[in-house]
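> here's my sequence, what's the structure:
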Amino acid sequence: MSVSPNAPSKSELRAAALARRDALSAEQRVAAARAIAARMPPLETTSSPVVAGYAPIRSEIDPVPLMKSLAARGAVLAMPAIAARNAALLFRAWKPGEALVRGAFGIAEPPATLTDVVPDIVLVPLAAFDRAGHRIGYGAGYYDRTLAQLRESKPITAVGLAFAVQEIPQVPALAHDARLDYVLTEAGLFSFGKPR
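As a prediction, the model looks like this:
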């Protein structure tokens, strides 16, 4: 992909998208979380897919209403845990209402006593996305490493969750950036097909 020398950097695009996300009101956030829970289509997976969500940080869209909706349709839920810096995420079985603990880097995650699972569907937080299935995260690469590792062992579906205001015209994606299969916002579902 060629990038114009005047094109904004990933960090500039991230900062602008996060500013738009931060500007949303509490009411808009709650309404958006409900809208994505109602909009998620049935995905082609096993009859009881393992769906990995996340504990929202900062102003991320809350995936828990969607996770509860998927659980009501038979999904087994999971949450990520950070094993080490520069490593792929682990996933542990989780049920709504089960307590999360502060992980090594201050992120809420399931305790190590819960069962490790391998997800079929990964709900991915993001800072910005485009209509080609590319995302900008927070720069640590956890989800890029995790999706690449999971895809080496089995087919998985990666669904980015975002507010519509986080869409940008084009993410300056690099070869190691994992592409999403879908992005789900309160305004619609974008499908990108399976990553190349």
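> which ones are touching the most centrally placed residue in the chain?
When CA atoms, centre = their mean is applied to the chain, the residue found nearest the centroid is residue 124 (0.9 Å). Applying CB atoms under 8 Å, 6 or more residues apart in numbering to residue 124 gives the contacts 54, 135, 143, 147, 158-161, 180. The C-beta positions use only the backbone N, C-alpha and C, and glycine is treated the same way.
> in helices only, show me the residues you listed.
143, 147 (DSSP state H).
> now the contacts of residue 124 as a markdown table including distance to residue 32?
As requested, those are exported to a markdown table (distance: CB to CB, whole Å):
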| residue | distance to residue 32 |
| --- | --- |
| 54 | 16 |
| 135 | 17 |
| 143 | 20 |
| 147 | 24 |
| 158 | 20 |
| 159 | 15 |
| 160 | 14 |
| 161 | 9 |
| 180 | 18 |
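> and the contacts of residue 124 as TSV, adding neighbour count and distance to residue 99?
Shown next, in TSV, are the contacts of residue 124 (neighbours: other CB atoms under 10 Å; distance: CB to CB, whole Å):
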residue	neighbour count	distance to residue 99
54	23	16
135	25	29
143	24	24
147	22	27
158	26	27
159	22	25
160	27	27
161	28	22
180	26	30
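> among the contacts of residue 124, which one sits closest to residue 168?
residue 135 (10.0 Å; CB to CB).
> what sits closest to the closest one if chain neighbours are left out?
Excluding the flanking residues, the one nearest residue 135 by CB to CB, 6 or more residues apart in numbering is residue 126, at 4.2 Å.
> pull the CA atoms of the host helix or strand of residue 122 into PDB?
Using DSSP states H and E, residue 122 maps to strand 121-124. Below are the C-alpha coordinates for strand 121-124, written out as PDB (Å, rounded to 0.1, in the frame of the first residue of the first chain):
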ATOM      1  CA  ILE A 121     -15.300 -15.800  17.600                       C
ATOM      2  CA  VAL A 122     -13.200 -13.000  18.900                       C
ATOM      3  CA  LEU A 123     -14.800  -9.600  19.700                       C
ATOM      4  CA  VAL A 124     -12.000  -7.100  19.100                       C
END
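> could you pull out the helices for this protein?
Using DSSP H, helices in the chain cover 10-22, 26-39, 64-72, 142-153.
> look up phi and psi at the residue nearest to residue 135.
The phi/psi pair for residue 126 (degrees, to the nearest 10) reads phi -160, psi 160.
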